[in-house]
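A.B. asks: Prediction below, plus the sequence it came from.
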Amino acid sequence: MQELRLSIKSGELPFVRDMFNRIAPHYDLLNRVLSLRRDVAWRRALVDSLKVPQQAGVLDVACGTADVALQVAAQYPLAQVVGVDFAPRMLARALSKIKGRAVCLAAADAFALPFGRGCFDAITIAFGIRNIQDKVTVLHCFYDHLKPEGRLAVLELALPDRSILRRIYLFYFNRLLPLLGRLFSGHAFAYTYLPASVAQFPPAEVFAGMMRSAGFKRVGYSKLTLGLAVLFIGEK
């Protein structure tokens, strides 16, 4: 795994990389515990939505520990799967998991993808785009790296619409989750930042509009598990 020079776009959140580096050893466990394993089903739904050729080229941005990339490789065994992330320790965890599977890893951030334009059949990003402030610019970047009729799939956490469920969820998210995060990882800030970043993410229709403004067509979205996550799809 070759580490490429990273570039953080001006105005982005430079502490995010350090935060993910620090929680990397506990990232998978906490994802399963804190989502009651729903994150596994959400990632599977993301990969199900790709509908690309078996020998497709698929890029997973903000790949973390490679859960999405491995799911793509499992469902598309002939695909060329690449995962990129800007947190080296997350990539180290990913490398320990791929174990010879047909997944390549590279260190890069979403604004400086080390690939030519128009070279991927699909780009995925799961639970990562809310950490990017300039979402429209990065969506343009994804658009440029897709082949004609290529597909972008964005999976992100969300707040439920129903008022009672929303109140319960916010209590869990704002009160219990930081305590659990501190207990398991020793890093309470990461799990205080998480609910704040989810609360600031645009409503589904607004983000779908951002995708359209970046050039994507046939944009749609599906709310998963009572609206706890949203899957966005767009085509070039």
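C.D. replies: Now that the structure is in, tell me what you want to look at.
A.B. asks: residues touching Phe120, list them.
C.D. replies: Going by CB atoms under 8 Å, 6 or more residues apart in numbering, Phe120 touches Ala56, Gly57, Val58, Leu59, His145, Leu146, Lys147, Gly150. C-beta here means a position set from N, CA and C on the backbone, and glycine is covered the same way.
A.B. asks: how about the third one, secondary structure?
C.D. replies: With DSSP: H, G, I helix; E, B strand; the rest coil as the basis, the three-state label of Val58 is strand.
A.B. asks: Any idea what it is bridged to?
C.D. replies: Beta-bridge pairing for Val58 (DSSP bridges): Val81, Ala122.
A.B. asks: Partner strands of the lengthiest strand in the chain, with direction?
C.D. replies: Scanning the chain for the strand with the most residues, using DSSP state E, yields strand 146-157. When pairing is defined by DSSP bridges, strand 146-157 lines up against strand 120-126 (parallel), strand 229-235 (antiparallel).
A.B. asks: Dump these to CSV, plus distance to Ala214 and mean pLDDT.
C.D. replies: Formatted as CSV, these follow (distance: least, CB to CB, whole Å; pLDDT from 0 to 100):
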stretch, distance to Ala214, mean pLDDT
strand 120-126, 12, 98
strand 229-235, 8, 98
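A.B. asks: got the buried residues for the longest strand of the chain?
C.D. replies: By neighbour count on 16 or more other CB atoms under 10 Å, the buried set for strand 146-157 is Leu146, Lys147, Gly150, Arg151, Leu152, Ala153, Val154, Leu155, Glu156, Leu157.
A.B. asks: Mind pulling the model confidence for the closest residue to the first one other than its chain neighbours?
C.D. replies: Yep, that's Leu146 we're talking about. Take Leu146 and drop its neighbours on the chain: the residue closest to it by CB to CB, 6 or more residues apart in numbering is Lys236, 4.5 Å away. Per-residue pLDDT puts Lys236 at 98.
A.B. asks: Would you check that Lys236 makes contact with Val219?
C.D. replies: No - with contact defined as CB atoms under 8 Å, Lys236 does not reach Val219; the gap is 11.1 Å.
A.B. asks: Would you map the helices across the protein?
C.D. replies: For the chain, the helices defined by DSSP state H cover 15-23, 27-34, 38-48, 67-75, 88-98, 135-145, 163-171, 177-185, 190-200, 204-213.
A.B. asks: okay, the ones you listed in a markdown table with mean neighbour count next?
C.D. replies: Putting these into a markdown table (neighbours: other CB atoms under 10 Å) gives the following:
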| stretch | mean neighbour count |
| --- | --- |
| helix 15-23 | 17 |
| helix 27-34 | 17 |
| helix 38-48 | 18 |
| helix 67-75 | 22 |
| helix 88-98 | 18 |
| helix 135-145 | 19 |
| helix 163-171 | 13 |
| helix 177-185 | 16 |
| helix 190-200 | 17 |
| helix 204-213 | 16 |
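A.B. asks: can I get those helices in a markdown table with distance to Ala106?
C.D. replies: Output for those, formatted as a markdown table (distance: least, CB to CB, whole Å):
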| stretch | distance to Ala106 |
| --- | --- |
| helix 15-23 | 15 |
| helix 27-34 | 19 |
| helix 38-48 | 20 |
| helix 67-75 | 11 |
| helix 88-98 | 8 |
| helix 135-145 | 13 |
| helix 163-171 | 35 |
| helix 177-185 | 26 |
| helix 190-200 | 24 |
| helix 204-213 | 25 |
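A.B. asks: how about the ones you listed in TSV, adding mean pLDDT and distance to Ala122?
C.D. replies: TSV is the format used below for the helices of the chain (pLDDT from 0 to 100; distance: least, CB to CB, whole Å):
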stretch	mean pLDDT	distance to Ala122
helix 15-23	84	23
helix 27-34	82	22
helix 38-48	96	9
helix 67-75	97	8
helix 88-98	95	19
helix 135-145	97	10
helix 163-171	80	30
helix 177-185	70	31
helix 190-200	80	25
helix 204-213	98	14
